[in-house]
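>>> model the following, please.
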Amino acid sequence: MARLKTTILLALLTGMFLLVGYWLGGQQGALTALILAVIMNVGSYWFSDRIVLAMYGARELPPSQEPWLHAIVRELAQHDSLPMPRIYVLDLPVPNAFATGRNEHHAVVAVTRGLLQALDDREIRAVLAHELSHVKNRDMLVSTIAATLAGALSYLAQMAYFTGMRNQNDRSGGNAIEGLLLLILSPLIATLLHLAVSRSREYLADECGARLIRDPLALADALRKISSASRTHPLLAGPRYEASAHLFIVNPFKPSFFLSLFSTHPPIEERIARLEAMAKG
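Coordinates of the predicted model:
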């Protein structure tokens, strides 16, 4: 169901892109916007692991350190037919984790020091299974496609509006209003669809991770602990760090009211409820 939802959302983003391109009336402008968005997002996709790891001062964990953690990751990767990813540690007190890398052969699984201290082995295994599911499902690629389409839509909307402004003398007031609505609504709708894709992939990683370890309640317990710690001791950071919130299994920052409306994560209660339903089923 989550895969179908992602496909539908990406199709809606693509449809919006074609619709705005048709409204603009210029295939060249639509192609230019798409190329610009692709260049920006492919660069982010290709170097995402280096950027985020450097930003948090993460250090690679050799097999000689925390061998039990390497053993868990190796076992889960083998069960999921994945190459062994690199393991990094972030010196952060809050429990959390994320996966990054452009594909399964360049994957990185990062855990915070707080995760290793606050969760038991069963819960840590569940979190690692969730992150490896992101790698298995190629969520970095899916997210990049969604971001590319959303970015291209924003470019198209701006081009349509400013083209309309330049030709205002030759256009009716109705068309000028259409251009303004396009400028405001297209990026907003594209962003909401992009966020919906991100939330859909979190549900899918929860489901796949729980099936991998055959213990949905372990992941539910882990999410409950991580969420509680994030609420009581959120990370204090600026927009540069908060832009990476979507990578973590639970948002570690305290979002403002405005940003909470555009959350990249599903409600934690809903995620836990789904996992508990899986356990009963």
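>>> could you use CA atoms for every contact and neighbour count after this?
Noted.
>>> lowest-scoring secondary structure element of the chain by mean pLDDT?
Between all helices and strands in the chain, the lowest mean by mean pLDDT, DSSP states H and E belongs to helix 257-260, at a mean of 53.
>>> next secondary structure after the strand or helix carrying Ala205?
Using DSSP states H and E, Ala205 sits within helix 173-213. Helices and strands here follow DSSP H and E; after helix 173-213, the next one along the chain is helix 216-232.
>>> so for that following helix, mean pLDDT?
For helix 216-232, mean pLDDT is 96.
>>> against which helices or strands is it packed?
Applying 3 or more C-alpha pairs under 8 Å, 6 or more residues apart in numbering; DSSP states H and E, one finds that helix 216-232 contacts helix 121-136, helix 173-213, helix 268-280.
>>> residues in contact with that helix?
Residues from elsewhere that reach helix 216-232 (C-alpha atoms under 8 Å, 6 or more residues apart in numbering): 94-96, 115, 119, 122-124, 126-127, 206-207, 210, 250-254, 268, 271-272, 275-276, 278-279.
>>> what does stretch 60-67 give?
If you take C-alpha under 8 Å, 6+ apart as the criterion, stretch 60-67 is touched by His70, Arg86, Ile87, Tyr88, Val89.
>>> if we go to 10 Å?
Stretch 60-67 is contacted from outside by 53, 69-71, 86-90, 108-110, 116, using C-alpha atoms under 10 Å, 6 or more residues apart in numbering.
>>> before we move on, the earlier item: confidence-wise, which of the helices and strands packed on helix 216-232 is weakest overall?
Among the helices and strands packed on helix 216-232, helix 173-213 scores lowest, with a mean of 74.
>>> so how do I select the buried members of the contacts of stretch 60-67 in PyMOL?
What follows is the PyMOL syntax selecting those of those that are buried according to 16 or more other C-alpha atoms under 10 Å:
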select buried, resi 53+69+70+86+87+88+89+90+108+109+110+116
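>>> want to throw the contacts of stretch 60-67 into JSON lines with secondary structure, distance to Lys225 and pLDDT?
What follows is the contacts of stretch 60-67, written out as JSON lines (DSSP: H, G, I helix; E, B strand; the rest coil; distance: C-alpha to C-alpha, whole Å; pLDDT from 0 to 100):
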{"residue": "Leu53", "secondary structure": "helix", "distance to Lys225": "24", "pLDDT": "89"}
{"residue": "Leu69", "secondary structure": "helix", "distance to Lys225": "19", "pLDDT": "97"}
{"residue": "His70", "secondary structure": "helix", "distance to Lys225": "22", "pLDDT": "97"}
{"residue": "Ala71", "secondary structure": "helix", "distance to Lys225": "23", "pLDDT": "97"}
{"residue": "Arg86", "secondary structure": "strand", "distance to Lys225": "25", "pLDDT": "96"}
{"residue": "Ile87", "secondary structure": "strand", "distance to Lys225": "22", "pLDDT": "97"}
{"residue": "Tyr88", "secondary structure": "strand", "distance to Lys225": "21", "pLDDT": "97"}
{"residue": "Val89", "secondary structure": "strand", "distance to Lys225": "19", "pLDDT": "97"}
{"residue": "Leu90", "secondary structure": "strand", "distance to Lys225": "18", "pLDDT": "96"}
{"residue": "Val108", "secondary structure": "strand", "distance to Lys225": "23", "pLDDT": "94"}
{"residue": "Val109", "secondary structure": "strand", "distance to Lys225": "19", "pLDDT": "96"}
{"residue": "Ala110", "secondary structure": "strand", "distance to Lys225": "18", "pLDDT": "96"}
{"residue": "Leu116", "secondary structure": "helix", "distance to Lys225": "12", "pLDDT": "97"}
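>>> what would the contacts of stretch 60-67 look like in a markdown table with distance to Gly101?
Output for the contacts of stretch 60-67, formatted as a markdown table (distance: C-alpha to C-alpha, whole Å):
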| residue | distance to Gly101 |
| --- | --- |
| Leu53 | 10 |
| Leu69 | 19 |
| His70 | 18 |
| Ala71 | 21 |
| Arg86 | 10 |
| Ile87 | 12 |
| Tyr88 | 12 |
| Val89 | 15 |
| Leu90 | 16 |
| Val108 | 6 |
| Val109 | 9 |
| Ala110 | 11 |
| Leu116 | 22 |
